[in-house]
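*Asks:* Kindly generate the corresponding structure for this input.
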Amino acid sequence: MNNDLGCYGHRLVKSPNIDKLARRGVRFERAYCQFPLCSPSRSSLMTGLRPDTTRVFDLKYHFRTGLPDVVTLSQFFRNQGYYAARVGKIYHYGNPPQIGTSGLDDPASWEEVFNPAGRDKTKVETNIINYTPKRGLGSAMCLLADRDGTDLENTDGMVATRAIDMLEKHKEKPFFIAVGFYKPHTPYVAPQKYFDLYPLKKIELPPLGSTNEFPRPALASTTPWPYFGVTAEKARECKQAYYAVISFVDAQIGRVLDALDRLKLADNTIVVFWSDHGYHLGEHGLWMKMSCFEGSARVPLIISAPGKKRGAVCPRTVELLDLYPTLVELAGFQVPKGLQGASLVPLLNNPKAEWNRPAFTQVQRANFPGHSVRSERWRYTEWDDGAKGVELYDHKKDPHELENLAHDPRCTNIVREMKALAKQNWPVRVEGGKAPAKATKQ
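*Replies:* Down below sits the predicted model:
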């Protein structure tokens, strides 16, 4: 899920329940994933370690292969006597092929798991319209407005139902419940009523612009370019479907939040809303993920915690990596050594407190990396350590990252400073999608 939400200022998308959560907590304006691909991002968040340490750069490698004794976020709480459970997708598995299975799960993280499979998987999958038939449904431009199905019959509806059941059964003891919704991941499937919220005439695509501003690897995540080869009209239909599915997921989130209120748990429960990576919807002609642009690296992040700020916006640059130490500190435990993020508790107390940490996001392109650094004003990206291109964007003047200033003589000092940050975070070269034998911890 990207940041196209009401609470982030989007004028079209209807997300009343996520917006309500934002009014209860702190909404982070500049939150970033470490790797805009499901498994690397989720592994990083759950271990509190950067991708160069987990060695997860694809959808197959499991972090315990190289880190067998690492204690994950939920495992930490489980070790403290918390009931730790997973509903739906937290660690990676193929969506939709592995829906209903545990996929690439981590058994040590949970004492109970639930792998739902609703009608979107079991009954209507064969009816999905796929505009890119050579691509599997999990990475295709594909959609279905389900005229007969209800919320509760769909996989994400089942996720919410089981999460509520867990809350009811375990409300008397400390709990860590990870509620993993599948949408708005492709295929974009939801009941028809959510599509009706977004008339196609209101759906617009951003201008394509010129590709001359960008190094070739910057646009390589969408091939063929643009929109994986579909027409602009079909891309608009997919964008409509994406927004429909956001509203569908928002409704399920609302069910869980309402249960917290009904069970009188809201006042002593920390709630975190996060997405594993952003999502392009036509910016630069790109679709989905795996770029180093803002649309792919930036994520929605809301934290509602008892005794902390409510209805506040934090403008500081933070990372999903920061959630592990944050939750540990909020729960009153000592933060374990070796975590590579920083606790956000100071920002939950004062969202505008001084904060000088940048955010680091990386991707792989065949046998070379893309490394990106984001400060509050600037994004700097280099491909193959700069050999295959460099980018610099001024978000104060260019929030859509349309003008590459990397070779502008007026920005020489900025490039030098941002490049130094990149070298500080990636002192060892990562090649071929695999981490070096000795990945440096930061």
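
*Asks:* so residue 289 makes contact with residue 298?
*Replies:* No - in this structure, residue 289 is not within contact of residue 298 by Cβ atoms under 8 Å, at 11.4 Å. (C-beta placed from N, C-alpha, C; glycine too.)

*Asks:* Quick check: neighbours shared by the two?
*Replies:* Common neighbours of residue 289 and residue 298, counting by Cβ atoms under 8 Å, 6 or more residues apart in numbering, are residue 278.

*Asks:* buried sites along stretch 6-24?
*Replies:* Buried residues in stretch 6-24, defined by neighbour count with 16 or more other Cβ atoms under 10 Å: 6-8, 13-15, 17-22, 24.

*Asks:* would TSV of those residues with secondary structure and pLDDT be doable?
*Replies:* Output for the buried residues of stretch 6-24, formatted as TSV (DSSP: H, G, I helix; E, B strand; the rest coil; pLDDT from 0 to 100):
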residue	secondary structure	pLDDT
6	helix	98
7	helix	98
8	helix	98
13	coil	98
14	coil	98
15	coil	98
17	helix	98
18	helix	98
19	helix	98
20	helix	98
21	helix	98
22	helix	98
24	helix	97
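
*Asks:* Can you lay out these as a markdown table showing distance to residue 261?
*Replies:* A markdown table is the format used below for the buried residues of stretch 6-24 (distance: Cβ to Cβ, whole Å):
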| residue | distance to residue 261 |
| --- | --- |
| 6 | 20 |
| 7 | 18 |
| 8 | 23 |
| 13 | 24 |
| 14 | 21 |
| 15 | 18 |
| 17 | 12 |
| 18 | 15 |
| 19 | 16 |
| 20 | 10 |
| 21 | 12 |
| 22 | 16 |
| 24 | 10 |
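
*Asks:* Nearest to residue 408 among those residues?
*Replies:* residue 8 (29.5 Å; Cβ to Cβ).

*Asks:* what's the helix ranked longest in the chain packed up against?
*Replies:* Longest helix of the chain, by residue count under DSSP state H: helix 232-262. Applying 3 or more Cβ pairs under 8 Å, 6 or more residues apart in numbering; DSSP states H and E, one finds that helix 232-262 contacts helix 16-24, strand 142-146, helix 155-170, strand 188-191, helix 192-195, strand 271-274.

*Asks:* follow-up on the earlier one: farthest pair within the buried residues of stretch 6-24?
*Replies:* Greatest spatial distance among the buried residues of stretch 6-24 (Cβ to Cβ): 13 and 24, at 19.4 Å.

*Asks:* contacting residues for the closest residue to residue 59 other than its chain neighbours?
*Replies:* Take residue 59 and drop its neighbours on the chain: the residue closest to it by Cβ to Cβ, 6 or more residues apart in numbering is residue 39, 4.9 Å away. Residues near residue 39 by Cβ under 8 Å, 6+ apart: 56, 58, 59, 60, 61, 91, 92, 104.

*Asks:* let's see it at 10 Å
*Replies:* Going by Cβ atoms under 10 Å, 6 or more residues apart in numbering, residue 39 touches 51, 54, 56-63, 91-93, 103-104, 276.

*Asks:* Same question for residue 315.
*Replies:* Here residue 315 is in contact with 28, 29, 30, 347, 351, 352, 355, 376 (criterion: Cβ under 10 Å, 6+ apart).

*Asks:* out of these, who's nearest residue 361?
*Replies:* Closest approach to residue 361 among these (Cβ to Cβ): residue 30, at 12.0 Å.

*Asks:* For the closest residue in space to residue 45 that isn't next to it in sequence, give me phi and psi.
*Replies:* Excluding the flanking residues, the one nearest residue 45 by Cβ to Cβ, 6+ apart is residue 320, at 4.6 Å. Dihedral pair for residue 320: phi -60, psi -30, per degrees, to the nearest 10.

*Asks:* okay, now residue 320: neighbour count?
*Replies:* 26 (other Cβ atoms under 10 Å).

*Asks:* Residue 115 now?
*Replies:* 21.

*Asks:* Stretch 330-350 - what's its average pLDDT?
*Replies:* If you average the pLDDT over stretch 330-350, you get 98.

*Asks:* quick one on the thing from earlier: I'd like to know how far the residue nearest to residue 45 sits from residue 32.
*Replies:* From residue 320 across to residue 32, the span is 7 Å (Cβ to Cβ, to the nearest Å).
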